[in-house]
Structures are given as structure tokens and as C-alpha cells.
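> Have a look at this prediction, sequence included:
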Amino acid sequence: MTQILPESAALFADLRQLILEAKSQAAMAINAELTRLTWQVGRRIHTEI
């Protein structure tokens with residue numbers, strides 16, 4: 001198994017944090033869009049029935 005050099009550890013930690021933050025932002029965007037979709041569906045049903 002390849003060992004991570006101590007000077008590379010900070011780089012990998014920073015990259016890991018960037019990836020985690022991007023995943024979190026993506027999840028929030030998806031949740032917001034799904035909420036908007038559900039609201040639009042409910043409004044459409046309410047106005048049609």
C-alpha cells in the first residue's frame with residue numbers, strides 16, 4: 001500500500017474538504033429543487049381540482 005508523505009497530508013485534507021463541501025452544496029440544491037417541484041405539483045393539483 002502506498003504511504004502518504006507528510007507534506008502531502010495537508011493537500012489531501014484540503015482536497016477532501018473541498019469535495020465534502022461540494023457534495024453538501026449539491027445536496028442542498030437538489031433538496032431545494034425537490035421542494036420547489038413538490039410545491040408546484042401541489043399548487044397545480046389545488047387549482048385543477
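Done, it's in. This one's a predicted model, so the numbers in the text were calculated from it and none came from an experiment.

> so what secondary structure elements neighbour the strand or helix carrying residue 8?
For residue 8, the host element (DSSP states H and E) is helix 6-48. The contact analysis (3 or more CB pairs under 8 Å, 6 or more residues apart in numbering; DSSP states H and E) places helix 6-48 against no helix or strand. Where C-beta positions appear, they are placed from N, C-alpha and C, glycine not excepted.

> what distance separates that helix from the centre of its chain?
Computed by CA atoms, centre = their mean, to the nearest Å, the chain-centroid distance of helix 6-48 equals 3 Å.

> residues touching residue 4, list them.
Residues in contact with residue 4, defined by CB atoms under 8 Å, 6 or more residues apart in numbering, are residue 12.

> backbone phi and psi for it, please?
phi -90, psi 130 (degrees, to the nearest 10).

> how near is it to residue 15?
Computed as CB to CB, to the nearest Å, the residue 4 to residue 15 distance reads 12 Å.

> same check, this time on residue 30
Distance from residue 30 to residue 15, by CB to CB: 23 Å.

> How is residue 2 assigned, secondary-structure-wise?
The local conformation at residue 2, judged by DSSP: H, G, I helix; E, B strand; the rest coil, is coil.

> contacts for stretch 9-23?
Contacts of stretch 9-23 (CB under 8 Å, 6+ apart): residue 4.

> let's see 10 Å
When contacts are defined by CB atoms under 10 Å, 6 or more residues apart in numbering, stretch 9-23 is touched by residues 4, 5.
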